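Asks: coordinates only, sequence not included:
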Ligand SMILES: Nc1ncnc2c1ncn2[C@@H]1O[C@H](COP(=O)(O)OP(=O)(O)OP(=O)(O)O)[C@@H](O)[C@H]1O
Ligand code: SF4
Ligand SMILES: [Mg+2]
């Protein structure tokens, strides 16, 4: 059965124009998400994951700006919409669970009212009463007692606040949800419960999820496909099984080798040698070359292209090691 593409990002560039220079946070990203799948977006801190999420929501604020590219959502390039048209689509077609959102709920407003206000703002309801019935359904979905809608954020545990934030992201029944580190601030047991809930909701509602996370064992457990991002670019994408079994890009190999084995003896997390580059002046050629154990001359001068590993496959990688045009002396 052919898969239906819900989101297609093409050659996206999002830069921050700061006094210290232009930060090329997203620098030519391609990404595709199919209906109903969970795609993990993984990479070191500062590689541009949140910037990519905000770009897809079209919520990049100055000094940031989307400079170039396409973001096609259900067949429409949202970068061509005016602000009002975008407001109509945002939360309805694509929504986001923001990094750290549970700590930015309005402290002086009951959580149920915060959801109803958002629904009213989007003209999704015509009365507060209608809003209450939607909140009731949403709270059932995220396993919160309906009475909790009258609580203020400080009266709720971290896990409950995160459930409220997830309910908000689901309020307008979006096709795709970008979940930016949705469990990071929670204790381990709550993390597992919340992630299981997100995954159950995805299956029940048939939504697609882009999961931004540093938690690689979680990725192995819940993702269908994985995108690895390095210094503003996607360096590899594959189905989760192939990615963990045999990562191809040297950066992916380093990242995935840092996962402690559950069965094996406990060992220190090695992490990745070297520092991520300054995105105001990224290295020439392959951005990973200063840290790569396999670096060749060409890597220092010419940038590798993200392309299928073999023709016709969805497994893509950008590295000269796998580029026939180079290895055959071209
Ligand atoms: N408002 C801003 N102004 C200037 N630079 C910014 C701004 N927001 C992000 N950046 C820079 O853009 C780059 C990408 O940041 P981003 O927050 O997207 O990374 P991330 O992958 O989400 O990191 P983390 O894993 O720590 O959340 C970083 O170099 C960051 O310093
Ligand atoms: S292109 Fe060269 S430097 Fe970059 S990851 Fe591949 S081998 Fe390493
Ligand atoms: Mg981030």
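Replies: Nice, I can see it. As the structure is a prediction and not an experimental result, all values here were calculated from the model. Ligands and ions are numbered 1, 2, ... in the order given.
Asks: When you work out contacts or count neighbours from here on, use the C-alpha atoms and nothing else.
Replies: Will do.
Asks: Quickly list what the residue most central in space within the chain is bridged to.
Replies: With distances taken as Cα atoms, centre = their mean, the chain has residue 212 as the residue nearest its mean C-alpha position (3.7 Å). With DSSP bridges as the criterion, residue 212 is bridged to residue 41, residue 180.
Asks: Could I get the contacting residues of it?
Replies: 40, 41, 42, 49, 50, 178, 179, 180, 181 (Cα atoms under 8 Å, 6 or more residues apart in numbering).
Asks: which among those are in contact with ligand 1?
Replies: The residues of those that also fall near ligand 1, by Cα under 6 Å from any ligand atom, are 49, 50.
Asks: what sits up against stretch 146-159?
Replies: Taking Cα under 8 Å, 6+ apart as the rule, stretch 146-159 contacts 102, 105-113, 135-136, 139-140, 161, 185-186, 190-191, 194.
Asks: For the chain, which segments are assigned as strands?
Replies: Ranges of strands within the chain are 5-18, 21-34, 38-42, 64-73, 76-77, 94-97, 176-180, 208-212, 225-230, 233-239, 307-308, 316-317, based on DSSP state E.
Asks: Tell me the strands beside the first one, with direction?
Replies: Strands adjacent to strand 5-18 in the sheet, as given by DSSP bridges, are strand 21-34 (antiparallel), strand 64-73 (antiparallel).
Asks: Can you add mean neighbour count, mean pLDDT and distance to residue 231 and give those strands back as TSV?
Replies: Shown next, in TSV, are those (neighbours: other Cα atoms under 10 Å; pLDDT from 0 to 100; distance: least, Cα to Cα, whole Å):
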stretch	mean neighbour count	mean pLDDT	distance to residue 231
strand 21-34	19	98	7
strand 64-73	19	98	16
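Asks: closest one to ligand 1 among those strands?
Replies: Smallest distance to ligand 1 across those (Cα to the nearest ligand atom): 4.4 Å, for strand 21-34.
Asks: contacting residues around the closest residue to residue 12 other than its chain neighbours?
Replies: Nearest residue to residue 12, sequence neighbours excluded (Cα to Cα, 6 or more residues apart in numbering): residue 69, at 4.1 Å. Contacts for residue 69 were tallied using Cα under 8 Å, 6+ apart; they are 9, 10, 11, 12, 13, 28.
Asks: Then residue 13?
Replies: Contacts of residue 13 (Cα under 8 Å, 6+ apart): 24, 25, 26, 27, 28, 29, 66, 67, 68, 69.
Asks: quick one: terminal-to-terminal distance for stretch 92-104?
Replies: Across stretch 92-104, the terminal residues are separated by 21 Å (Cα to Cα, to the nearest Å).
Asks: Establish whether that stretch and ligand 1 are in contact.
Replies: No - counting by Cα under 6 Å from any ligand atom, ligand 1 has no neighbours in stretch 92-104; the shortest distance is 7.3 Å.
Asks: So what touches that stretch?
Replies: Taking Cα under 8 Å, 6+ apart as the rule, stretch 92-104 contacts 50, 53, 57, 73, 158, 161-162, 164-166, 169-170, 172-182, 185.
Asks: what's the answer for stretch 43-53, then?
Replies: 14, 25-26, 41-42, 60, 96, 99, 178, 180, 212, 214, 228-233, 276.
Asks: Helices - which of the contacts of stretch 92-104 land there?
Replies: Those of these mapping onto helices are 50, 53, 57, 158, 161, 162, 164, 165, 166, 169, 170, per DSSP state H.
Asks: Compare the residues you listed and tell me which is most surrounded.
Replies: residue 164 (29 neighbours; other Cα atoms under 10 Å).
Asks: contacting residues for that residue?
Replies: Residue 164 touches 102, 111, 139, 142, counting by Cα under 8 Å, 6+ apart.
Asks: With respect to ligand 2, which of those is nearest?
Replies: Nearest member of the contacts of residue 164 to ligand 2, counting by Cα to the nearest ligand atom, is residue 102, at 36.9 Å.
Asks: Could I get the pLDDT score of residue 198?
Replies: Note on residue 198: pLDDT of 94.
Asks: what's the distance between it and residue 286?
Replies: Going from residue 198 to residue 286 by Cα to Cα gives 36 Å.
Asks: Likewise for residue 324?
Replies: Taken as Cα to Cα, the span from residue 324 to residue 286 is 16 Å.
Asks: Just the buried subset of the contacts of stretch 146-159, please.
Replies: 102, 105, 110-113, 135-136, 139, 161, 185, 190-191, 194 (16 or more other Cα atoms under 10 Å).
Asks: Bridge partners for residue 76, pull those for me.
Replies: residue 73.
Asks: Give me the buried positions along the lengthiest helix in the chain.
Replies: When the chain is parsed with DSSP H, its longest helix is helix 188-205. Buried residues in helix 188-205, counted by 16+ other Cα under 10 Å: 190, 191, 194, 197, 198, 199, 202.
Asks: Brilliant, that's me finished.
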